[in-house]
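# The following comprises the amino acid sequence and a computationally predicted model.
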Amino acid sequence: MARRLQRPLTCLAVGAVTLALAGCAVGPNFHRPAPPPAMRYVPDGVTAETAAADVRGGEAQRFVADLDISGQWWTLFHSPALNALIARSLQYNADLAAARAALRAAEETHKAQLGSFYPSVEGNFTASRNQNAQELAPTLSNNELRFNLYTAQLTISYALDVFGGLRRQAETTRAEAEAQRFQLEATYLTLTSNVVAAAVQEASLRGQIAATEKIVDEERETLGIMRKQEDKGEIAQGDVIAQETTLAQAEANLPPLTKQLGQERDLIAALTGQLPSEEPAETFRLADLALPQELPLSLPSKLVDQRPDVRAAEANLHAASAQVGVAIANMLPQITLTATPGTVATDPALLFASGNYFWAIAGGVTQPIFEGGALLHKTRAARAALDQALAQYRGTVIAAFQNVADTLRALQGDAAAVRANLVAEETAAQSLEIARQRLRLGDVSYLTLLSAEQAYQQAVAALVQAQASRYADTAALFQALGGGWWNRTDAAVAAAP
């Protein structure tokens with residue numbers, strides 16, 4: 001049977017290749033948008049080094065132009081607990097697992113679309129029992145009115161992509177898979193950044209709780225001294241009551257901080273794919289985190305290549321461009337070739353006997369004539385979607401540059417804030433100690449001590465928050481610059497189409 005089918009199949013293949021090579025892909029050809037011509041992120045540029053302060057988290061940070069970013073940038077904080085937490089989140093986080101599955105689905109959709117470039121082959125076998133009426137011409141040459149009929153047949157069809165509609169559709173699915181790949185990268189980057197931010201916030205809250213507990217202990221100590229002075233008649237009862245009020249106010253600061261710490265622990269559990277009842281073993285304090293002192297500052301022209309959200313927006317723009325070609329091709333003639341070789345016999349054993357073979361080759365052209373304007377409006381809709389994707393791409397690029405600029409300003413401000421708050425905390429501590437000594441000697445009123453205590457409490461809390469902001473904004477810079485996904489060799493990159 002193979003030799004008898006060779007001629008029609010050869011004709012079909014030759015015709016398909018000839019017409020396909022003569023075709024062209026209608027619609028716009030996609031070209032990557034040029035990066036913005038900006039030379040800096042902020043108008044006045046960035047200082048080479050931030051301010052420094054003699055306290056944990058107060059080290060000077062240097063901005064290194066075009067310094068490459070590690071794919072595991074969080075290891076720069078030198079925290080084994082943080083590294084373990086992120087490793088667990090990358091393994092069990094539900095959002096990341098969903099993004100990986102979405103990428104696999106997009107890749108398989110693209111591979112399925114590639115099947116349209118090949119002929120479609122279907123096999124069919126039928127068996128029937130028949131009886132002809134005597135007044136009709138007999139079906140068989142032996143004039144038998146009753147007979148069995150067995151037919152084995154192939155149907156081979158091929159849609160010629162003369163105008164490139166199939167190629168544009170494959171281009172669309174390829175771009176959609178690329179967009180999903182960078183959506184996975186964005187999910188990966190967001191997850192790791194959120195884990196670092198949550199760890200830093202937990203460390204900040206623990207620092208604030210420790211400072212508040214220390215203040216409470218000191219307030220209790222002061223209250224004990226004042227009660228002894230009251231017993232001796234050295235101070236009035238009203239002063240003691242005021243100190244009791246101050247102690248109660250300091251103690252009242254603890255429950256909100258404890259609540260926030262508990263919620264932060266719940267967040268960390270969720271990020272690692274656990275229930276809140278499955279509390280992570282890792283705990284974080286600012287003293288356990290090292291502040292990275294060399295920070296990357298990628299060239300603005302490279303940012304559009306490094307940001308996963310920008311690359312995803314670019315892939316969406318590519319897909320929208322290809323869809324314009326698909327819409328145009330749908331308005332043009334559709335050419336198909338069909339071959340139907342087969343064999344028929346009244347006995348299955350004779351299916352492959354000489355003389356029982358048949359074949360047919362057909363070509364067809366379908367030209368849409370009237371669709372009620374549907375195809376025209378679909379083309380216009382595709383062009384409008386392309387304009388939308390272009391505007392969204394531009395918006396994503398602008399937001400990316402804004403993100404980097406905001407983070408650079410924050411890092412410079414954070415360094416200055418740590419220095420200023422350190423001075424304020426040291427000054428407030430000295431003022432409070434002097435006020436306590438003078439109160440013991442009876443040189444000042446209780447109001448002086450109260451004022452000094454309140455100033456110290458505010459200075460301690462502000463210093464801890466300023467220290468935490470440096471860590472958090474450092475992580476935010478790595479996120480804003482793309483997170484170094486191009487330097488990773490894990491599953492996210494390996495799954496790229």
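Ah, there it is. Numbers count the residues shown, from 1 in each chain.
# Which parts of this protein are helices?
2-21, 80-92, 94-114, 165-231, 237-252, 254-271, 300-306, 308-329, 374-441, 446-480, 491-494 (DSSP state H).
# from memory residue 196 sits against residue 82, does it?
Yes: using CB atoms under 8 Å, residue 196 is in contact with residue 82, at 6.8 Å. C-beta coordinates here come from the backbone N, C-alpha and C atoms, glycine included.
# Quickly list what's touching both of those two.
residue 74 (CB atoms under 8 Å, 6 or more residues apart in numbering).
# of these two, who's got more company?
residue 196 (26 against 22; other CB atoms under 10 Å).
# list the contacts for that one?
Counting by CB under 8 Å, 6+ apart, residue 196 has contacts 74, 77, 82, 86, 472, 475.
# And it, how far from residue 487?
17 Å (CB to CB, to the nearest Å).
# And for residue 178?
In terms of CB to CB, residue 178 sits 19 Å off from residue 487.
# Have a look at the two and say which one is more surrounded.
Ranked by neighbour count (other CB under 10 Å), residue 178 and residue 487 place residue 178 first, with 23 against 13.
# does the more buried one really touch residue 318, like I thought?
Yes: applying CB under 8 Å, one finds residue 178 in contact with residue 318, separated by 7.3 Å.
# pLDDT score for the closest residue to residue 485 other than its chain neighbours?
Closest residue in space to residue 485, ignoring its immediate chain neighbours: residue 185 at 4.8 Å, by CB to CB, 6 or more residues apart in numbering. Note for residue 185: predicted pLDDT of 95.
# OK, contacts around residue 185?
308, 311, 483, 485, 492.
# Just the buried subset of the residues you listed, please.
Burial by neighbour count, 16 or more other CB atoms under 10 Å: within the contacts of residue 185 this picks out 308, 311, 483, 485, 492.
# neighbours of residue 93, just the number please.
Applying other CB under 10 Å, we find 23 residues neighbouring residue 93.
# do the one 10 residues further on as well
Here the neighbour count serves as a burial measure; for residue 103 (other CB under 10 Å) it reads 25.
# same check, this time on residue 221
11.
# do you know how far it is from residue 214?
Applying CB to CB, the value for residue 221 to residue 214 is 11 Å.
# Okay, now the unreliable bits of the stretch 101-250 of the chain?
Within the stretch 101-250 of the chain, the ranges that satisfy pLDDT under 70 run 137-139.
# Repeat the analysis, applying 80 as the threshold.
133-144, 222, 226, 229, 234-235, 239 (pLDDT under 80).
# now the contacts of residue 196 in TSV, with distance to residue 169?
Shown next, in TSV, are these (distance: CB to CB, whole Å):
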residue	distance to residue 169
74	41
77	46
82	45
86	39
472	45
475	41
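# Which pair in those residues has the greatest spatial separation?
86 and 472 (15.4 Å; CB to CB).
# so what's residue 469 up against?
Neighbouring residues of residue 469 by CB under 8 Å, 6+ apart: 410, 414, 417.
# how far does stretch 439-446 stretch from start to finish?
7 Å (CA to CA, to the nearest Å).
# who's in contact with that stretch?
Residues outside stretch 439-446 that contact it (CB under 8 Å, 6+ apart) are 225-226, 234-235, 239, 242-243, 435, 438, 448-449.
# Need the buried ones from these selected in PyMOL.
In PyMOL, a selection of the buried entries from the contacts of stretch 439-446 looks like this (16+ other CB under 10 Å):
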select buried, resi 226+235+239+242+243+435+448+449
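# was I right about residue 166 contacting residue 115?
No: in this structure residue 166 lies outside contact range of residue 115 using CB under 8 Å: 10.1 Å.
# Compare neighbour counts for these two and give me the winner.
residue 166 (21 against 9).
# From the structure, what's the count of residues near the closest residue to that one other than its chain neighbours?
Leaving out its chain neighbours, the residue that sits closest to residue 166 by CB to CB, 6+ apart is residue 116, at 4.8 Å. The burial count assigned to residue 116 is 15, neighbours taken as other CB under 10 Å.
# Contact partners for residue 116?
Neighbours of residue 116 in contact, by CB under 8 Å, 6+ apart: 159, 161, 166, 169-170.
# Likewise for residue 95?
By CB under 8 Å, 6+ apart, the contact set of residue 95 is 187, 191.
# try 10 Å
Neighbour list for residue 95: 89, 187-188, 190-191, 194, 270-271, 273 [criterion: CB atoms under 10 Å, 6 or more residues apart in numbering].
# Can you check what pLDDT the model gives residue 349?
Reported pLDDT for residue 349: 87.
# Kindly list the longest strand within this protein.
With residue count as the measure and DSSP state E as the assignment, the chain has strand 146-160 as its longest strand.
# in its sheet, what does that one sit against?
strand 120-131 (antiparallel), strand 334-339 (antiparallel), strand 342-345 (antiparallel) (DSSP bridges).
# CSV please, covering those strands and showing mean neighbour count and distance to residue 58.
As requested, the strands paired with strand 146-160 are exported to CSV (neighbours: other CB atoms under 10 Å; distance: least, CB to CB, whole Å):
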stretch, mean neighbour count, distance to residue 58
strand 120-131, 10, 69
strand 334-339, 18, 70
strand 342-345, 18, 85
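# To residue 59, which of those strands lies closest?
strand 120-131 (66.4 Å).
# C-alpha coordinates for the closest one, CSV please?
Provided in CSV are the C-alpha atoms of strand 120-131 (Å, rounded to 0.1, in the frame of the first residue of the first chain):
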residue,chain,number,x,y,z
SER,A,120,-3.1,16.5,9.9
VAL,A,121,-3.4,12.7,9.4
GLU,A,122,-6.4,10.7,10.4
GLY,A,123,-7.1,7.0,10.0
ASN,A,124,-10.5,5.6,9.5
PHE,A,125,-11.8,2.0,9.2
THR,A,126,-15.5,1.1,8.6
ALA,A,127,-17.3,-2.2,8.3
SER,A,128,-20.9,-2.4,7.1
ARG,A,129,-23.5,-5.0,6.1
ASN,A,130,-25.4,-3.9,3.0
GLN,A,131,-28.4,-5.0,0.8
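# how about stretch 430-444: buried residues?
Applying 16+ other CB under 10 Å to stretch 430-444 flags 431-432, 435-436, 439, 444 as buried.
# Please compute how far that stretch lies from its chain's middle.
Its chain's C-alpha centre and that of stretch 430-444 lie 56 Å apart, by CA atoms, centre = their mean, to the nearest Å.
# Give me the mean pLDDT for that stretch.
Stretch 430-444 comes out at a mean pLDDT of 79.
# Read off the pLDDT value for the closest residue in space to residue 94 that isn't next to it in sequence.
Closest residue to residue 94 apart from its sequence neighbours, by CB to CB, 6+ apart: residue 273 at 5.9 Å. Residue 273 carries a pLDDT value of 93.
# was I right about residue 273 contacting residue 96?
Yes: counting by CB atoms under 10 Å, residue 96 is a contact partner of residue 273 at 8.8 Å.
# which one of those two has more residues nearby?
In this view residue 273 and residue 96 are compared by other CB under 10 Å, and residue 96 has more residues nearby, 22 against 17.
# separation between that one and residue 160?
43 Å.
# One more: residue 294?
59 Å.
# out of these two, which sits in the busier spot?
residue 160 (21 against 10).
# so how far is residue 174 from that one?
Applying CB to CB, the value for residue 160 to residue 174 is 21 Å.
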